[in-house]
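> I would like to see how this sequence folds:
(chains A and B)
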Amino acid sequence: AQTVTQSQPEMSVQEAETVTLSCTYDTSESDYYLFWYKQPPSRQMILVIRQEAYKQQNATENRFSVNFQKAAKSFSLKISDSQLGDAAMYFCAYRSKYGNKLVFGAGTILRVKS
Amino acid sequence: NAGVTQTPKFQVLKTGQSMTLQCAQDMNHNSMYWYRQDPGMGLRLIYYSASEGTTDKGEVPNGYNVSRLNKREFSLRLESAAPSQTSVYFCASSVSQNTEAFFGQGTRLTVV
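This next block holds a predicted model:
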């Protein structure tokens, strides 16, 4: 069974600086998808970024980018120019290409200091 | 553009009571899911429905039942609530099995 590990329960970053959230996963599959979701205090789950395992190029979405290391089974999220609105719980998630479920990590709380 | 709508948003139950959480999506998605979120454990899949007319157990199905009423609606039922079912419940949907999921706003359920 696949597992997702987020080793940082909590992180802090100064406004306008850069922070990286870590995620590792365990799978024997070669084709899959990885996601980062943001959960602000409103509780809404918001998709931040998505990566297909067959793509070598790292996904980017504005200030958000990932460092996808397939061999190391690592999928970190970098947030540049951090803003107060980035403060939230961030979840890393895995989905098999042919699977029916998202497997989530335990989450990382990100605090942004002004 | 409602997306995924869950009702209710908050609920308090007494041990042994039953209730149904409702979920509807207006995106014409085939797959729907129920997750629960507990502190330090991320989200765990309770049940899912890959397409209309089918349902399957996820990681933590005990104590729950589901109904895929039609393509839009997927309900979660607690027949006899227990304090261990105190959690935040999320409904989600996706176009197919291997695309990203869109989530409802969650239901905070407390069983006393």
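
> Tell me where chain B has strands.
B:4-7, B:10-13, B:19-25, B:31-37, B:43-49, B:56-57, B:64-68, B:74-78, B:87-94, B:102-103, B:107-111 (DSSP state E).

> any chance of those in TSV, with distance to A:Lys73, mean pLDDT and mean neighbour count too?
C-beta: built from backbone N, CA, C; applies to glycine. Shown next, in TSV, are the strands of chain B (distance: least, C-beta to C-beta, whole Å; pLDDT from 0 to 100; neighbours: other C-beta atoms under 10 Å in any protein chain shown):
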stretch	distance to A:Lys73	mean pLDDT	mean neighbour count
strand B:4-7	30	96	18
strand B:10-13	38	97	14
strand B:19-25	32	97	19
strand B:31-37	23	95	25
strand B:43-49	20	94	23
strand B:56-57	27	94	13
strand B:64-68	32	97	18
strand B:74-78	32	98	20
strand B:87-94	23	96	24
strand B:102-103	25	94	20
strand B:107-111	33	97	18
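
> As CSV, these with distance to A:Tyr25 would be great.
Shown next, in CSV, are the strands of chain B (distance: least, C-beta to C-beta, whole Å):
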stretch, distance to A:Tyr25
strand B:4-7, 25
strand B:10-13, 33
strand B:19-25, 27
strand B:31-37, 18
strand B:43-49, 15
strand B:56-57, 23
strand B:64-68, 27
strand B:74-78, 27
strand B:87-94, 19
strand B:102-103, 20
strand B:107-111, 28
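
> Can you lay out these as a markdown table showing distance to chain A?
Shown next, in a markdown table, are these (distance: least, C-beta to the nearest C-beta, whole Å):
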| stretch | distance to chain A |
| --- | --- |
| strand B:4-7 | 10 |
| strand B:10-13 | 11 |
| strand B:19-25 | 14 |
| strand B:31-37 | 7 |
| strand B:43-49 | 5 |
| strand B:56-57 | 7 |
| strand B:64-68 | 13 |
| strand B:74-78 | 13 |
| strand B:87-94 | 7 |
| strand B:102-103 | 4 |
| strand B:107-111 | 8 |
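
> which one of the ones you listed lies closest to A:Lys101?
Of all the strands of chain B, strand B:43-49 sits nearest to A:Lys101, with 4.5 Å by C-beta to C-beta.
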